[in-house]
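Q: The following comprises the amino acid sequence and a computationally predicted model.
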Amino acid sequence: MNKDFTFTIKSIRLDEDYHPSDSTRITTNFANLARGSYRQANLRNALKMIDNSFNALANWDNPKGDRYSVELEIISVDMDIEGSGKTFPSIEILKTNIVDHQTNQRIEGIVGNNFSSYVRDYDFSVLLQAHNKDQPNFSIPDNFGELHGKLFQYFVNSNAYKQNFKKTPVICLSVSDNKTYHRTENQHPVLGVEYQPNESSLTEQYFKKMGLQVRYFMPPNSVAPLAFHFFGDLLNDYTNLELISTISTMGTFQKIYRPEIYNANAAAGKSYQPNLKNLDHSLTQIVYDREERSKLANEQGKFAEKHFIKPYQTVLEQWSANYV
């Protein structure tokens with residue numbers, strides 16, 4: 001018999017007054033901005049960048065470039081393993097909503113965008129590191145990412161997800177700096193020019209276990225491709241405005257976190273290898289601590305091990321073995 005886990009979905013507005021909750025992974029893009037003495041200016045500037053980027057892409061019937069604004073909601077998903085009411089903060093994603101100031105309409109955007117997960121931190125910062133500690137060559141443990149992938153698919157297929165969201169998630173990440181991407185002839189009016197990588201990355205394989213495909217596009221006004229992870233048909237399942245909400249939101253976060261790639265002064269060419277040591281880039285006016293972020297990923301991985309992986313190991317292993 002397969003056990004049922006229950007999910008509780010909570011939502012909080014991401015605006016300039018946002019303060020991260022105790023259960024939020026502090027390495028998450030939006031949480032990292034909302035800390036320290038510059039928190040309010042950081043959030044205000046990031047949200048303004050998102051609106052400007054949205055209007056630049058949604059430029060039809062928008063002569064002044066101010067028709068739309070984007071509202072963001074942080075969606076936190078807590079998981080109850082035993083049905084006891086005791087929950088673990090499993091994932092956090094972002095939902096975009098589009099405000100059309102011309103028609104006074106509020107249009108639902110895309111859910112997903114950013115993807116944050118304690119179990120992923122455990123997989124990459126605890127399990128993978130321990131597996132490779134004394135190994136001469138890097139390798140991946142058996143079943144790496146399987147439990148996480150099944151839990152994610154279980155969530156997307158759950159009643160809790162379906163009651164809250166109309167469409168499946170799209171997650172938008174940066175490209176890998178150890179792959180080369182080649183421009184194709186395919187071009188989409190909003191997503192831009194499609195690129196293809198020379199080989200699959202570990203992140204790509206990990207997201208594949210979550211049931212997600214990936215395509216790489218460099219949108220207009222961007223200087224590097226973004227990785228779009230999705231179910232179904234990315235180009236036909238979502239409207240142009242929905243896609244623009246994801247591009248403008250995640251493109252902005254990448255300019256802040258990966259300025260060497262996404263705020264570079266030269267755009268990607270036909271053959272492109274991202275470079276995190278690229279000095280020819282501009283910085284945004286937004287303060288961000290990258291070093292702290294990598295330290296925290298280890299702490300968060302250990303938190304997941306202590307409060308989720310170890311206490312529920314037997315239940316999770318049995319569930320995973322039976323989950324189809």
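A: Perfect, thanks for sending it. Numbers count the residues shown, from 1 in each chain.
Q: Could you list the low-pLDDT ranges of this protein?
A: Under the criterion of pLDDT under 70, the regions of the chain flagged as low confidence span 1-3, 20-37, 287-294.
Q: Go again with 50.
A: 1 (pLDDT under 50).
Q: now the residue nearest the centre of it, nearest residue through space, not along the chain?
A: Centroid-nearest residue in the chain, with C-alpha atoms, centre = their mean: Asn114, separated by 2.4 Å. With sequence-adjacent residues excluded and distances taken as C-beta to C-beta, 6 or more residues apart in numbering, Asn114 is closest to Leu94, at 4.6 Å. Heads up, the C-betas are built off the backbone N, CA and C, glycines and all.
Q: Where does that neighbour fall, secondary structure wise?
A: strand 87-100 (DSSP states H and E).
Q: any chance you could map the strands in this protein?
A: 6-14, 68-80, 87-100, 105-117, 170-174, 181-188, 192-197, 213-218, 226-230, 271-272 (DSSP state E).
Q: which parts of the first one are buried?
A: Which is strand 6-14. If you call a residue buried by 16 or more other C-beta atoms under 10 Å, then strand 6-14 has these buried ones: 7, 9, 14.
Q: which residues does the closest residue to the last one other than its chain neighbours contact?
A: Residue nearest to Leu14 in three dimensions, not counting chain neighbours: Leu72, with 4.0 Å by C-beta to C-beta, 6+ apart. Neighbouring residues of Leu72 by C-beta atoms under 8 Å, 6 or more residues apart in numbering: 13-15, 30, 47, 50, 94-97, 249.
Q: Gln153: neighbouring residues, count only.
A: Neighbour count of Gln153, defined by other C-beta atoms under 10 Å: 17.
Q: Just give the nearest non-adjacent residue to it, would you?
A: Gly211 (4.7 Å).
Q: Relative to Lys150, how far out is the one you found?
A: Going from Gly211 to Lys150 by C-beta to C-beta, to the nearest Å gives 9 Å.
Q: And these two? Which one has more around it.
A: When Gly211 and Lys150 are compared for neighbours, Lys150 comes out ahead with 20 against 16, by other C-beta under 10 Å.
Q: I'd assumed Tyr323 was in contact with the more buried one.
A: Yes - at 4.7 Å, Lys150 and Tyr323 qualify as touching, with contact defined as C-beta atoms under 8 Å.
Q: if we can go back for a sec, and the buried residues of strand 6-14, which is closest to His307?
A: Using C-beta to C-beta, Phe7 comes nearest to His307 of the buried residues of strand 6-14, at 16.8 Å.
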